[in-house]
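Student: let me see the structure of the following:
(one chain, ligands or ions: 2)
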Amino acid sequence: MKIATRLLLCLAALTGCFESVHAAARPNILFIAIDDQNDWIGHLGGHPQAVTPNIDALAKRGTSFLNAHCQAPLCNPSRTSLMLGLRPTTTGIYGLAPWFRTLPEWSGRVALPQYLKLHGYKTLTTGKIYHGGAGGPKARAQEFDVWGPNGGIGAKPDQKLIPPTPGGNHPLMDWGVFPHRDEDKGDWQITTWAVEQLQQLSANQPFFLAVGYFLPHVPCYATQKWFDLYPDDDSVLPKVLADDRDDTPRFSWYLHWDLPEPRLKWTRENHQWRNLVRSYLASVSFTDSQVGRLLDTLETTGLADNTIVVLWGDHGWHLGEKGITGKNTLWDRSTRVPLVFAGPGVDKGGRCTQPAELLDIYPTLIDLCGLPPRKDLEGHSLMPQLKNDRAKRPWPAITSHNQGNHGIRTERHRYIRYADGTEEFYDLQRDPNEWHNLAGDPRHEKLIAEHRQWLPKIDLPPARGSASRVLTYDAATDQAVWEGKTIRRGDPIPGL
Ligand SMILES: [Ca+2]
Ligand SMILES: [Ca+2]
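Tutor: Numbers count the residues shown, from 1 in each chain. Ligands and ions are numbered 1, 2, ... in the order given. Got it, this is the predicted structure:
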């Protein structure tokens, strides 16, 4: 072997050695996702009765973003955006399909766990982090080193608990008290697996452990003890305004035109509104208890001091507000999510009201772990707010649902623009429920114009292979197409 080659090999070995010394000193990351978790979390105040002592305790020992929003109000596009560090309008991924690796432009994109792995992290996952199977058992090995159980619903009744729901009686549209063991739920099982990993992980290599909870995604089954946390009367119902949709554009309906999620009208007629609300709340509290099992393990294993915890929800959920249940909207109930950071480098007790995006998680973790920054991420590090919760941010939080439909959330206001040019504008300080659309009010013209400037400059049509919850609009013919079916201006709104 030539001397030069030997030297190079020695250098490579040394660099590798330095890298692992560096890596060993880096903080671990516990990454907790909660599916369809809106702002019904104790300290977020989205629902005054929500019981979430564990998430609230995490917020106390870290910094919570009170004005954090998803980039898409749906699983696949929200998670794709967060994990790639790109807006849905940049990838064209708006629907439940495609899996982004099927697109040549993103097949080689270094996602968050891969970037951490490149810098010495062991990456593990369980439950729902990516939507779908991440390309199947063989392909998914490139996303994470270790795959735990998938989780999901777990124990479920033989038959649906509620009457047949409109639009085909979808099996996921179900909820209620169902006697079973908590240990038989998918979310319990993924927690058990994650707890075992935490107990076994070596101190010589930092880890990125991603735990993705399924609940409070429907079907919301829980045992009586979780329901008992909430009164069985109408005090649990969220506030709704009877004619709330009278001042929202017709196009707002196109974003959730025809869905398995029933409208408020159906839940009322079938005496299911209170049952749904209590089932969702019971599921939120159950999931919180599982988060508690993870956080307790961090303490008992001594990992807490060197582990960054980040907890987030992929998007919100309506439970009657604006006449609907479900997601697929650009209002706070569908876009506002919990986002909490705790651990080394994070201020204790921070409460930040500046707008934040799930897109900010990727660059923030890079900052917190001292990794080389990336210039190709569309979010912005939240590091200044993790040090000082009053630090200003110049950017709003932007949510998009299909090409041309965007919500711009600043500290006080929300602006919405739909693909046909119709608009909404709300003053959340005076109108926290977004009941009174001020878009036509000349007194707000200047503010609205300022918000308009933030509409995404890149706004791609749906990517190849897009399906499920995909809406397109042709301005020339004023024609909207929802999941392949044309919507005409005169068509009655389904389910009303
Ligand atoms: Ca979701
Ligand atoms: Ca209204």
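
Student: from ligand 1, how far off is Glu450?
Tutor: Noted for Glu450: a distance of 31 Å to ligand 1, by C-beta to the ion, to the nearest Å. All C-beta atoms are positioned from the backbone trio N, CA, C, and that covers glycine.

Student: now the strand or helix carrying that residue - C-alpha only, CSV.
Tutor: If you go by DSSP states H and E, Glu450 is part of helix 445-452. C-alpha atoms of helix 445-452 as CSV (Å, rounded to 0.1, in the frame of the first residue of the first chain):
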residue,chain,number,x,y,z
GLU,A,445,-57.8,46.8,3.9
LYS,A,446,-54.2,47.7,4.8
LEU,A,447,-53.8,44.8,7.2
ILE,A,448,-55.3,42.3,4.7
ALA,A,449,-52.9,43.6,2.0
GLU,A,450,-50.0,43.0,4.4
HIS,A,451,-51.2,39.4,5.0
ARG,A,452,-51.6,38.8,1.2
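
Student: can you name the element that comes right after that helix?
Tutor: Next along the chain after helix 445-452, taking DSSP H and E as the criterion, comes strand 471-474.

Student: check which residues of the helix holding Glu450 are buried.
Tutor: Buried positions in helix 445-452, judged by neighbour count with 16 or more other C-beta atoms under 10 Å: Leu447, Ile448, His451.

Student: who does that helix touch, helix- and strand-wise?
Tutor: strand 413-417, strand 423-427 (3 or more C-beta pairs under 8 Å, 6 or more residues apart in numbering; DSSP states H and E).

Student: confirm Pro344 sits in a strand?
Tutor: No. The assignment for Pro344 is coil, going by DSSP: H, G, I helix; E, B strand; the rest coil, so no strand is present there.

Student: how about it: what's its closest non-neighbour residue?
Tutor: Using C-beta to C-beta, 6 or more residues apart in numbering and skipping the chain neighbours, the partner closest in space to Pro344 is Pro27 (5.0 Å).

Student: surely that neighbour touches Thr307?
Tutor: Yes. Contact criterion C-beta atoms under 8 Å: Pro27 and Thr307 qualify, at 6.3 Å.

Student: and the lengthiest helix in the chain, which residues are buried?
Tutor: Assignment by DSSP state H gives helix 273-300 as the longest helix of the chain. Residues of helix 273-300 classed as buried by neighbour count (16+ other C-beta under 10 Å): 273-292, 294-295, 297-298.

Student: and the protein, which residues reach ligand 1?
Tutor: By the rule C-beta under 5 Å from the ion, the part of the chain lying against ligand 1 is Asp35, Asp36, Cys75, Asp314.

Student: show the pLDDT at Ile3.
Tutor: If you check Ile3, the pLDDT there is 44.

Student: contacting residues for the residue nearest to Pro344?
Tutor: For Pro27, the contact set (C-beta atoms under 8 Å, 6 or more residues apart in numbering) comprises Pro206, Asn306, Thr307, Ile308, Gly343, Pro344, Gly345, Leu368, Cys369.

Student: give me the number of residues near the second one?
Tutor: Burial of Asn306 is recorded as 15 neighbouring residues (other C-beta atoms under 10 Å).

Student: distance check, the residue lying closest to it once chain neighbours are set aside against ligand 2.
Tutor: Distance criterion C-beta to C-beta, 6+ apart; nearest residue to Asn306, sequence neighbours excluded, is Pro27 at 5.3 Å. Separation of Pro27 from ligand 2 (C-beta to the ion): 45 Å.

Student: again, but for Tyr362
Tutor: 35 Å.

Student: same check on Gly154?
Tutor: 39 Å.

Student: list the contacts of the closest residue to Gly326 other than its chain neighbours.
Tutor: Among residues not flanking Gly326 along the chain, Glu261 sits closest, at 3.1 Å (C-beta to C-beta, 6+ apart). Contacts for Glu261 (C-beta under 8 Å, 6+ apart) come out as Met173, Val218, Ile324, Thr325, Gly326, Lys327.

Student: pLDDT at Glu261, what is it?
Tutor: pLDDT at Glu261 comes out at 98.

Student: burial of the nearest residue to Asn28 once chain neighbours are set aside, as a residue count?
Tutor: Leaving aside its chain neighbours, Asn28 sits nearest to Thr307 (4.2 Å; criterion: C-beta to C-beta, 6+ apart). Residues near Thr307, counting by other C-beta under 10 Å, number 22.

Student: picking up where we left off before, the longest helix of the chain: what's the following helix or strand?
Tutor: Following helix 273-300 toward the C-terminus (DSSP H and E): strand 307-313.

Student: pairing partners for that next one, with directions?
Tutor: strand 28-34 (parallel), strand 339-342 (antiparallel) (DSSP bridges).

Student: any idea of the mean pLDDT for that strand?
Tutor: pLDDT averaged over strand 307-313 gives 98.

Student: which non-adjacent residue is nearest whatever residue of the stretch 301-450 of the chain ends up closest to ligand 2?
Tutor: Taking C-beta to the ion, ligand 2 has its nearest neighbour within the stretch 301-450 of the chain at Trp435, 4.7 Å off. Excluding the flanking residues, the one nearest Trp435 by C-beta to C-beta, 6+ apart is Leu241, at 4.8 Å.

Student: find the closest residue to ligand 1 in the stretch 51-200 of the chain.
Tutor: For the stretch 51-200 of the chain, C-beta to the ion, closest residue to ligand 1: Cys75, 3.6 Å.

Student: of the residues of the chain next to ligand 1, buried ones?
Tutor: Asp35, Asp36, Cys75, Asp314.

Student: I'd assumed Val218 was in contact with the first one.
Tutor: I take that to be Asp35. No. With contact defined as C-beta under 8 Å, Asp35 does not reach Val218; the gap is 9.8 Å.

Student: residues near Pro231, how many?
Tutor: 12.

Student: ok, the closest residue to it other than its chain neighbours - contacts?
Tutor: Excluding its sequence neighbours, the residue lying closest to Pro231 (C-beta to C-beta, 6+ apart) is Gln49, at 7.5 Å. Counting by C-beta under 8 Å, 6+ apart, Gln49 touches Tyr230, Pro231, Ser235, Val236, Leu281.

Student: which residue is the nearest non-sequential neighbour of the third one?
Tutor: So the one you mean is Ser235. Looking at Ser235 with C-beta to C-beta, 6+ apart, the closest residue is Gln49, at 7.5 Å.

Student: A helix includes the one you found, no?
Tutor: No. Looking at Gln49 with three-state DSSP, it is coil, so not inside a helix.

Student: ok, now how distant is it from ligand 1?
Tutor: 23 Å.

Student: and that residue, what pLDDT?
Tutor: For Gln49, the model assigns a pLDDT of 98.

Student: could you do the one 4 residues further on as well?
Tutor: You'll see Pro53 listed with a pLDDT of 98.

Student: how many other residues sit next to it?
Tutor: Using other C-beta under 10 Å, Pro53 has 13 neighbouring residues.

Student: again with Phe178
Tutor: Neighbours of Phe178 (other C-beta under 10 Å): 17.

Student: and it, what are its phi and psi?
Tutor: phi -140, psi 120 (degrees, to the nearest 10).
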